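Colleague: here is a sequence with its predicted model. Questions after.
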Amino acid sequence: MSNNNASNNLIIAQRAVKQLRLEASIRRIKVSQAAAELQKFCLQNASRDPLLVGVPSSDNPFRPPKSCSLF
Amino acid sequence: MGEMEQLRKEADALKDQITAARKAVQDTTLEEAAAGVAVVGRVQMKTRKTLRGHLAKIYAMHWATDSKLCVSASQDGKLIVWDSITTNKVNAIPLKSSWVMTCAYAPSGNLVACGGLDNMCSIYNLKGKDGNVKVMRELAAHTGYLSCCRFISDTEIITSSGDCTCILWDIETGTQKTSFAGHQGDCMSLAVSPDFSYFISGACDFTAKLWDIRDGNCRQTFAGHESDINAIGFFPNGQAVITGSDDATCKLYDLRADQELITYQDSSIMCGVTSLAPSLSGRLILAGYDDFNVNIWDSLKAERVGALAGHDNRVSCIGVSADGMACCTGSWDSFLKIWN
């Protein structure tokens, strides 16, 4: 019984080390580059972001148009 | 030295290695890098629609990819598909188990899914031949509650569970394709990358993990939160992850720099984050809190630039439509609100 627990713990520890090796091995870019790209994405898409720039009521599907039109 | 002792030493050394590698690329902070960018002006949104019909707390909502329909799940035992523009209920689906905690809309619009304390993920076909919505599959294998689910396609769905694992399912056969184990606490939330190759999970072990959907490996683990992570989402370009926690903060982690870039917090906010969604450009992060409010954050400057007040109870779920036109909030007050 205690042998099983011991070998289980060993397997868990081996897995943990294997996982840490994997995570340690990834290639990392500099924060300056990551930050610049996030900023660039935000700024490039800003004009297309309705919640950021606001939606004119005529284009807002959730707002009824101010005047009633009869078709 | 026993093998256990050796492994423990190796694990500690690897953790130190990761910490050092992250520090080595930390040549600046997002705060410094964005110093030249002005904070966005005050964001004011109004409730445009209120979706009324649920009779109990709403636990989850998800937009369809058409930016018009959305699905919500409530512990009144119903899944409701709404036309958010007309506020009509397109479908009201009675559930076998009313203890629902999550729901999802398939990208195709053909299926919806939900699950909760029944430990199962139930898939419903909205486009059945005779017009009736029926259970198509019941995906059972988790040994804990279903906290979140997201479709990859009409044939694959990923679930996260209180049993600390996530599972990728084959919907047609109803079987597990891949199990993602590694979290040491209940998995609370998941999000799929825009290119469908990765997903991220947030858990009660205070970490977020990035998983490769195809090979089943955990690629990266992000720590830093001081309590359960309840909400998680991808930054729209797929290169960063945003998390929301019971520690009252949201954090942004960059995937390629493999570290936290910024924390969204304010000393006046002392309650947990329940849900979050970025706006289309990623510049705004809308986060729902236990204090019934939604705070709107400037993602680059970490400043609060607005709030959505209108619910009479906890905001449990939030989603921004695919075209970025509107934000939908769901609350324990039984209502959903559409804002822009």
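Modeller: Arrived safely, thanks for sending.
Colleague: which helix or strand contains the residue most central in space within chain B?
Modeller: Central residue of chain B (Cα atoms, centre = their mean): B:Ile232, 4.2 Å from the mean position. Using DSSP states H and E, B:Ile232 falls within strand B:229-234.
Colleague: quick one: the residue nearest to the centre of chain B from B:Ala287, how far?
Modeller: Counting by Cβ to Cβ, to the nearest Å, the gap between B:Ile232 and B:Ala287 amounts to 12 Å. The C-beta positions use only the backbone N, C-alpha and C, and glycine is treated the same way.
Colleague: overlap in contacts of these two?
Modeller: B:Gly244, B:Leu276 (Cβ atoms under 8 Å, 6 or more residues apart in numbering or on different chains).
Colleague: residue 37: what's its closest spatial neighbour, skipping adjacent residues?
Modeller: All of this is about chain A. Nearest-residue entry for A:Glu37: B:Gln239, 6.6 Å, with adjacent residues in sequence omitted and distances by Cβ to Cβ, 6 or more residues apart in numbering or on different chains.
Colleague: hmm, I had chain B in mind actually
Modeller: In this structure, B:Val37 finds its nearest non-sequential neighbour in B:Leu300, 5.6 Å apart by Cβ to Cβ, 6+ apart.
Colleague: the one you found contacts A:Lys40, doesn't it?
Modeller: No. Taking Cβ atoms under 8 Å as the definition, B:Leu300 is not a contact partner of A:Lys40, at 10.7 Å.
Colleague: look at these two and report which has more neighbours.
Modeller: It is B:Leu300, of B:Leu300 and A:Lys40, that has more neighbours when counted by other Cβ atoms under 10 Å in any protein chain shown, with 25 against 11.
Colleague: what's near enough to touch the more buried one?
Modeller: Shown here is B:Leu300, whose contacts under the criterion Cβ under 8 Å, 6+ apart are A:Leu38, A:Gln39, A:Cys42, B:Leu30, B:Ala34, B:Val37, B:Arg283.
Colleague: which one of these has the most neighbours?
Modeller: Going through the contacts of B:Leu300 with other Cβ under 10 Å as the criterion, the one with the most neighbours is B:Arg283, at 28 neighbours.
Colleague: which of the three states applies to the nearest residue to it once chain neighbours are set aside?
Modeller: With Cβ to Cβ, 6+ apart as the measure, A:Cys42 is the residue that lies nearest to B:Arg283, at 4.4 Å, once sequence neighbours are left out. Put simply, A:Cys42 is helix when judged by DSSP: H, G, I helix; E, B strand; the rest coil.
Colleague: narrow the contacts of B:Leu300 to those in helices?
Modeller: The helices in this structure, assigned by DSSP state H, contain A:Leu38, A:Gln39, A:Cys42, B:Leu30 from those.
Colleague: so the first one sits against B:Asn237, correct?
Modeller: Yes. Taking contact to mean Cβ under 8 Å, the distance of 7.5 Å between A:Leu38 and B:Asn237 places them in contact.
Colleague: residues in contact with the residue nearest the centre of chain A?
Modeller: With the centre of chain A defined as its mean C-alpha position, the nearest residue by Cα atoms, centre = their mean is A:Leu38, 11.2 Å away. Residues counted as contacts of A:Leu38 (Cβ under 8 Å, 6+ apart) are B:Leu30, B:Phe235, B:Asn237, B:Gln239, B:Ala240, B:Asp254, B:Leu261, B:Gly282, B:Ser299, B:Leu300.
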